[in-house]
Every structure is written in structure tokens, then in C-alpha cells.
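> Kindly return the folded structure for what I paste below:
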Amino acid sequence: MHVAIIGNGIAGVTAARWLRKLDDDVRITLISAETDYFFSRTALMYVYMGHQRMEDLMPYEPFFWEKNRIDLKRAYVERVLTKEQQLQFGDGTTMPYDKLVLATGSTWNKFGWPGQDLERVRGMVSAQDLEYLEDHTDEIESAVVVGGGLIGIELAEMLHSRQIPVSLLIREGSYWSNALPPEESRMVSRHIKSHHIDLRENTELDTIHDDGTGAAGSITTKDGETIKCQYVGLTAGVHPNIDFLRDADGLELGRGIKVNSYLETSVPNVYAIGDCAEVNDPRPGRRGVEAIWYTGRMMGETVAYNILGRKVGYDPGIWFNSAKFLDLEYQVYGEVPTG
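Here you go, the predicted structure:
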């Protein structure tokens, strides 16, 4: 049996590892257009900040893959031909599969802002996003980051670490007010400002302006304020990376790729895991799409059992999450009302 896995993030890699743990004979091909080897995505910011090198983000040595007979293929999958059970790559070649795992992750949101496709406008999700920022850092005198989630504050911290003045625009009255009680949200806002990050509350992006060279030179807010900048970070959330699957015959898509509790899609022999998967009937307290490291890992292990015919339902348990930004660390367990 040949199992093809599209995506070498935590979900796809965990699926490959567990397939090999459970079965010596299954053939495994791990496909990615992003990088040759799996890396810890949550640590990308530390490469830019100089705390780590890119090679330090690789949990496994290059020999690991050959030793475990996991074939790596660096390629862009252009189409999934579900009826033929084949993958079509960007160079026109194809690959057959017996079972397919879609672990294509997330990409950053655009909301139709004028100027959002200019140069020096970018999200921060992939290795290519980090490389793009590094390549343009010398051109940046000041920056604007749009969006008040974790990626937004992390990108602001990254820029600040290079002594680049940065304004962080959030539409809420205080940082993360949709996730934290009011007192704690205001406390975090004060803390961000104390680190000399220009946090702009109740502020939304209206337009990104061309500096005359096809690159960002300033933005205006919905209140009419103009802020000069040579980089705009779009960090107003992410969405499942599924656009290339729109013409995949029989594959049911919603916000993500629809899956049942066994992570099976609407197409036989095709599974979806990680950020791109949308669970049809999530457990109480969980969402259909959860772009979180540990759920990708759990899905990867679960799908390996199901591919090999050992039925195991996906159960992430109670909600939890943790993160670190600036000098704050937090952990959340269960449902925490904001009011």
C-alpha cells in the first residue's frame, strides 16, 4: 500500500511517523513545496530574532527519513485527481496513491484591502514568509502589523527586535478581548505598550498605499489617519489552505476539508488532518477547524491507525493552549468565558 501525504508540517510528519511505527511494509511519500525537511513552525520567529538558526528548528536529522523509509518529495501539488487516485504536480508529472492524506495547513487572510497585493505586504505563516521578511528588512524604516492575534504580536516582536518601529492595529478595545477577561486584556495591552510597541486599539486598516515603486509606503486607517511604513504584516487570522482542491471530484469542502470522526473525507481513501481539516461534528468545547500545533499532532497519530484499518475516533479532549510573547507566558485549559 502506498500512502501519499501532502504537507510536511506537524500533522503530516506525525502521520508518516506513526504509519511507519505501526506497519513495516507500507510505502510512505511525504510531499511538500515549502521545505525539504520538517521544521518547528512555531519557532520561526526565533530565527529572525537571532536566537536560533533554521537548521536548529529541524527536530530530526536528515538521515532519519531514509532510516525510517519515508520518501521525501519537494514538489507543488497542482491537482488531486480523486477518480484516478493520482496527484498532478506543477511540472505536469503525476503520482499514483492507494491512500491520500491532506495535511496542507493554513495560509494568511486577505480581506480585499486596497493595496494588499503590493510588495512588502505579507503574512507570517511559512518559511517563505520569513525569507521574504528577511530579504526586505533593510528597506524597512517602520512597519504596520494588522491583527491582534498571536501571529500579530509575534511579528511585532520580531520587527521590534531589529529596532524597527512598529504599529500594531487591533479593532478591539484591548488586546485579545475576545479571549481574555476585560481586566486581563487591558493589562496585556499596557504590557505591550510598555515594550515600546505602538498598539493602536479600536483601529482598522482601510488602504495600503503604493510608494510609487509597487511596494507599500503607507497605510490609512478607517478613521482617516495615515501611517508611513515600508512593511505591512497581514496577521488578521488564517484559513485552511484548500484552494487547489476546489476541483477535486467529490471532495466536500466547507471552511476546510470536511472529515468525520475518523478523519475520513467524502472521497474514499482520502483523509484530512491538521489546520486544513474541518471536523463535521466536533466534541463539546471544540471547533470544527483548529489551527493548533498539538491538534495536528493528535490528528496525525489518529489517522495512521485509521488508514491501517484500526478504527480510532479523533478526540482532542478539553480545549487547551499555551504561548509566549514578549516576556509573557500563558496557558489556558477548558472554556474560559471573557465576561
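> and after the helix ranked longest in the chain, which helix or strand comes next?
Secondary structure of the chain per DSSP state H: the longest helix is helix 293-307. Heading C-terminal from helix 293-307, the first helix or strand you meet, by DSSP states H and E, is strand 320-325.
> what is the rounded mean pLDDT of the longest helix of the chain?
For helix 293-307, mean pLDDT rounds to 97.
> Name the residues that touch that helix?
With contact meaning Cβ atoms under 8 Å, 6 or more residues apart in numbering, helix 293-307 is reached by 3, 9-19, 21-22, 41-42, 99, 101, 103, 262-264, 271, 273-275, 277, 311-314, 316, 320. In short, each C-beta sits where N, CA and C put it, glycine included.
> All the helices of the stretch 51-200 of the chain, in order from the start?
Counting by DSSP state H, counting those that start in this stretch, the stretch 51-200 of the chain has helices at residues 63-67, 127-136, 150-161, 182-194.
> Who are the packing partners of the third one?
Secondary-structure packing of helix 150-161 (3 or more Cβ pairs under 8 Å, 6 or more residues apart in numbering; DSSP states H and E): helix 44-48, strand 143-146, strand 166-169, strand 231-234, strand 320-325.
> want to throw those into CSV with mean neighbour count?
CSV is the format used below for those (neighbours: other Cβ atoms under 10 Å):
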stretch, mean neighbour count
helix 44-48, 20
strand 143-146, 28
strand 166-169, 24
strand 231-234, 26
strand 320-325, 14
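> weakest of these in terms of mean pLDDT?
Ranked by mean pLDDT, the helices and strands packed on helix 150-161 bottom out at strand 320-325, which scores a mean of 85.
> Quick one: list the elements packing against that one.
By contact count (3+ Cβ pairs under 8 Å, 6+ apart), the secondary structure elements abutting strand 320-325 are helix 150-161, strand 328-333.
> if you average pLDDT over the last one, what comes out?
When you say that, I think you mean strand 328-333. Averaged across strand 328-333, the pLDDT comes to 84.
> for the longest one, same thing?
When pLDDT is averaged along helix 150-161, the result is 95.
> Identify each buried residue in it, please.
For helix 150-161, the neighbour count (16 or more other Cβ atoms under 10 Å) marks 150-160 as buried.
> Rebuild those residues as JSON lines, extending it with distance to residue 207.
Formatted as JSON lines, the buried residues of helix 150-161 follow (distance: Cβ to Cβ, whole Å):
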{"residue": "150", "distance to residue 207": "26"}
{"residue": "151", "distance to residue 207": "22"}
{"residue": "152", "distance to residue 207": "19"}
{"residue": "153", "distance to residue 207": "23"}
{"residue": "154", "distance to residue 207": "25"}
{"residue": "155", "distance to residue 207": "20"}
{"residue": "156", "distance to residue 207": "21"}
{"residue": "157", "distance to residue 207": "26"}
{"residue": "158", "distance to residue 207": "24"}
{"residue": "159", "distance to residue 207": "21"}
{"residue": "160", "distance to residue 207": "25"}
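> circling back to that earlier point, quick one: which of the contacts of helix 293-307 sit in helices?
Judged by DSSP H, those include 10-19, 21-22 as members of helices.
> quick revisit: can you list the helices and strands packed on helix 150-161 in JSON lines and add distance to residue 123?
JSON lines is the format used below for the helices and strands packed on helix 150-161 (distance: least, Cβ to Cβ, whole Å):
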{"stretch": "helix 44-48", "distance to residue 123": "12"}
{"stretch": "strand 143-146", "distance to residue 123": "10"}
{"stretch": "strand 166-169", "distance to residue 123": "14"}
{"stretch": "strand 231-234", "distance to residue 123": "5"}
{"stretch": "strand 320-325", "distance to residue 123": "17"}
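> Between these, which one is closest to residue 136.
Closest approach to residue 136 among the helices and strands packed on helix 150-161 (Cβ to Cβ): strand 231-234, 6.6 Å.
> neighbouring strands for the helix or strand following the closest one, and are they parallel or not?
Following the chain from strand 231-234 toward its C-terminal end, the next helix or strand by DSSP H and E is strand 238-240. For strand 238-240, the paired strands and their directions (DSSP bridges) are strand 106-108 (antiparallel).
> what helix or strand is residue 206 on?
Residue 206 belongs to strand 205-210, assigned by DSSP H and E.
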